[in-house]
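> A structural model of the following input is requested.
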Amino acid sequence: MENIDPNAVDITATHALRNPLKEVIPPKQNPKKTTAPGEDPAAIKNATKLRRQETRKAALQLNDTLSELLGKTKDALRVIAEEHGRKFEYVEKMYLRKTFYGKKRRPNLQNALIHAKAKELNKDLAPGQKYTLEEIREAIDEDKAMGELTPEQEDAYIQALEDHRALKQTGARANNKAATLDAIAVMTRVNEELTNLSERSGVAAFCVLAQTHVNDTVVPGWSCTDGVLVFFTEVLDMPMAELARKFELWLCARASEKTASRVDTIAALQKSCTKLISDGLARLVGTKKKVEMSYVNYDRDIRGKLKIQLKDWPVGINRKTPSSIGKLADLRVLHEALVSESCHWVKMTAAETAELTMMLAELPPVARKRRSDLGSTRGKRPRGGGASDLSSDSEPEEGEAADDEDMPPAKRTRPAAKAKKPAKAKAPAKAKAPSKKGRKPTKKAAKGMLPPAQAYKSAEMIEDSDDEGDGEGVSAEGGDGLETQVVE
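Numbers count the residues shown, from 1 in each chain. This is a model prediction of the structure:
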């Protein structure tokens, strides 16, 4: 049998075989065990077989233990999802991603102290100036308060550093210039990574970059490995530049359609925010009893009684009912936070509950606003209520005026509807003389267009029919400007 060098490179690897002149990364090989003098090869073989069986048995036991741990882990994740008001799939995804792919360098206390001290020292400097790392470390050594920290204070410093890193990774750029420079830097790194990956493994890849809004200033770009550009001309029948242009046009048109179809008015956003808050509250409480949101006594009625709270309310917006928020920009921020669940309902921890209990013991409850008609009798409104329905017999006398002043003010009622006057019978209008457009009507035709003259009563008829005159004059005025006056 031909001896095989254990450190030899396997030339059956496809990429290495196709590129014999290319340097290959040497694989890791275990050293060959040598036989000691006086050892029986058969005994060594049997011992190796027994050891292999023991190893397999131990592997099965480990697999069973890990399976049992996996079941306990899922139960624990369900409890965590219920406590934080999230879905189990979301929590499991976050846990697995942090477990298998979270190989980032964790912040330690020293880095957290440097970040806090640098933020403290540099805030008073002019823009563009900052202290060096050596000066910051000397300031930390001279600060006695940082040398005697409690575990809670250490956790607070580390959490502040983690929040700062998360902001740098996922925060939005302040302007289009910064966003463009960021896109260029990332695409340069992506191009380098794809090129190195192609050299190591022989894979082919491409990446297309384009802006998603017409107001952005990012220039469309692409990155690809060797030989990929031919694919677009042979299969898609277009160059890569044309594909990037169409991709950018599609993204911008899609964003415009979303903006146009979105209801973005103050009333609609107020209604949507109110519904999202109420639905999240009812979903977390999980009872059949109707639960109403309280904004005035939020700490006492919601946090104190239900032991839940609305976490991560947007900064700069007062915590109040959405119907009282009148700025469209604030409503957009609040609506986006509620839809993306960055502002969501969670259960309070034991420490938060204890702190709230101490605060509520010293804080009096906020009283409701007094009604304007407090003390008055409130009943059903009269259907025909109004001053027109009161007769002359129901008017109070002089002796009742003092009693009316002591009575509480009556509740406002709608004024009674005025009785409609009977429609007068109109005399048949005379037919208009036909006239051509633009021609001035004749005198006879204009007279026919006037309303008919009203018949007037004579003096004797007025005297007989007027019962309430009592010597007063009655006048009647005609449509032609004549006036008739009768005096008894």
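> How about residues contacting stretch 357-369?
296-297, 299-300, 304 (C-beta atoms under 8 Å, 6 or more residues apart in numbering). Placement of C-beta: from N, CA and C, glycine included.
> which of these sit farthest apart?
Comparing every pair within those by C-beta to C-beta identifies 296 and 304 as the most remote, at 13.3 Å.
> and the two? which has more neighbours close in?
Taking neighbours as other C-beta atoms under 10 Å, residue 296 and residue 304 compare with residue 304 leading, 17 against 13.
> what about residue 120, how many residues close to it?
By other C-beta under 10 Å, 13 other residues sit near residue 120.
> domains in the protein, as residue ranges please.
Per automatic domain parsing, the structural domains of the chain span 109-170, 176-261, 266-362.
> Okay, now the longest one: how far is its last residue from its first?
The first and last residues of domain 266-362 sit 37 Å apart, counting by C-alpha to C-alpha, to the nearest Å.
> any idea which helix is longest in the protein?
Looking across the chain with DSSP state H, the single longest helix is helix 41-84.
> Now do that helix: which elements does it pack against?
Contacts defined by 3 or more C-beta pairs under 8 Å, 6 or more residues apart in numbering; DSSP states H and E place helix 41-84 against helix 88-100, strand 344-347.
> Show me what the helix or strand harbouring residue 282 is packed up against.
Per DSSP states H and E, residue 282 falls inside helix 266-285. Helices and strands touching helix 266-285, by 3+ C-beta pairs under 8 Å, 6+ apart, are strand 308-311, helix 328-339, strand 344-347.
> Which parts of the protein are strands?
Ranges of strands within the chain are 206-209, 221-224, 308-311, 344-347, 474-477, 483-486, based on DSSP state E.
> quick one: average confidence on the second one?
Taken as a whole, strand 221-224 has an average pLDDT of 93.
> what's the neighbour count on the closest residue in space to residue 121 that isn't next to it in sequence?
Spatial nearest neighbour of residue 121, excluding adjacent residues (C-beta to C-beta, 6 or more residues apart in numbering): residue 131 at 5.0 Å. By other C-beta under 10 Å, 16 other residues sit near residue 131.
> wait, residue 131 sits on residue 119?
No - applying C-beta atoms under 8 Å as the test, residue 131 and residue 119 come out as separate, 10.7 Å apart.
> And residue 137, how close does it get to residue 296?
Note on residue 137: its distance to residue 296, by C-beta to C-beta, to the nearest Å, is 50 Å.
> ok, now residue 345?
For residue 345, the distance to residue 296 - C-beta to C-beta - is 18 Å.
> quick one: low-confidence parts of this structure?
1-33, 97-104, 257-263, 287-289, 368, 381-382, 384-488 (pLDDT under 70).
> Restrict stretch 326-342 to CA atoms and write it as CSV.
C-alpha atoms of stretch 326-342 as CSV (Å, rounded to 0.1, in the frame of the first residue of the first chain):
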residue,chain,number,x,y,z
GLY,A,326,-51.9,68.8,17.1
LYS,A,327,-48.6,68.7,15.4
LEU,A,328,-48.5,66.5,12.3
ALA,A,329,-44.7,65.8,12.7
ASP,A,330,-45.2,64.6,16.3
LEU,A,331,-48.1,62.3,15.2
ARG,A,332,-46.0,60.8,12.5
VAL,A,333,-43.1,60.0,14.9
LEU,A,334,-45.5,58.5,17.4
HIS,A,335,-47.4,56.5,14.7
GLU,A,336,-44.1,55.1,13.3
ALA,A,337,-42.9,54.1,16.8
LEU,A,338,-46.2,52.3,17.5
VAL,A,339,-46.3,50.5,14.2
SER,A,340,-42.6,49.4,14.4
GLU,A,341,-43.2,48.3,18.0
SER,A,342,-40.3,50.3,19.2
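> buried ones in that stretch?
The neighbour-count check on stretch 326-342 (16 or more other C-beta atoms under 10 Å) flags 330-331, 333-335, 337-338 as buried.
> Now do it: everything it contacts.
Here stretch 326-342 makes contact (C-beta under 8 Å, 6+ apart) with 86, 264-266, 269-270, 272-273, 276-277, 280, 312-314, 316-317, 322, 325, 343-344.
> filter the residues you listed to the buried ones?
The neighbour count (16+ other C-beta under 10 Å) marks 269-270, 272-273, 276-277, 280, 317, 322, 325, 343-344 as buried among these.
> I'd like the residues you listed as JSON lines, with distance to residue 35 appended.
Listed next are the buried ones among the contacts of stretch 326-342 as JSON lines, based on distance: C-beta to C-beta, whole Å:
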{"residue": "269", "distance to residue 35": "81"}
{"residue": "270", "distance to residue 35": "84"}
{"residue": "272", "distance to residue 35": "79"}
{"residue": "273", "distance to residue 35": "78"}
{"residue": "276", "distance to residue 35": "74"}
{"residue": "277", "distance to residue 35": "76"}
{"residue": "280", "distance to residue 35": "71"}
{"residue": "317", "distance to residue 35": "78"}
{"residue": "322", "distance to residue 35": "81"}
{"residue": "325", "distance to residue 35": "83"}
{"residue": "343", "distance to residue 35": "70"}
{"residue": "344", "distance to residue 35": "67"}
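> Which one of those is nearest to residue 58?
For the buried ones among the contacts of stretch 326-342, the minimum distance to residue 58 (C-beta to C-beta) is 45.0 Å, reached by residue 344.
> Give me the contact list for stretch 84-93.
74, 77-78, 80-81, 280, 283-284, 341, 344-347.
> switch the cut-off to 6 Å
Stretch 84-93 is contacted by residues 77-78, 80-81, 284, 344-346 when judged by C-beta atoms under 6 Å, 6 or more residues apart in numbering.
> Return the set of buried residues in it.
Buried residues in stretch 84-93, counted by 16+ other C-beta under 10 Å: 85, 91-92.
> next one: stretch 40-56
The neighbour-count check on stretch 40-56 (16+ other C-beta under 10 Å) flags nothing as buried.
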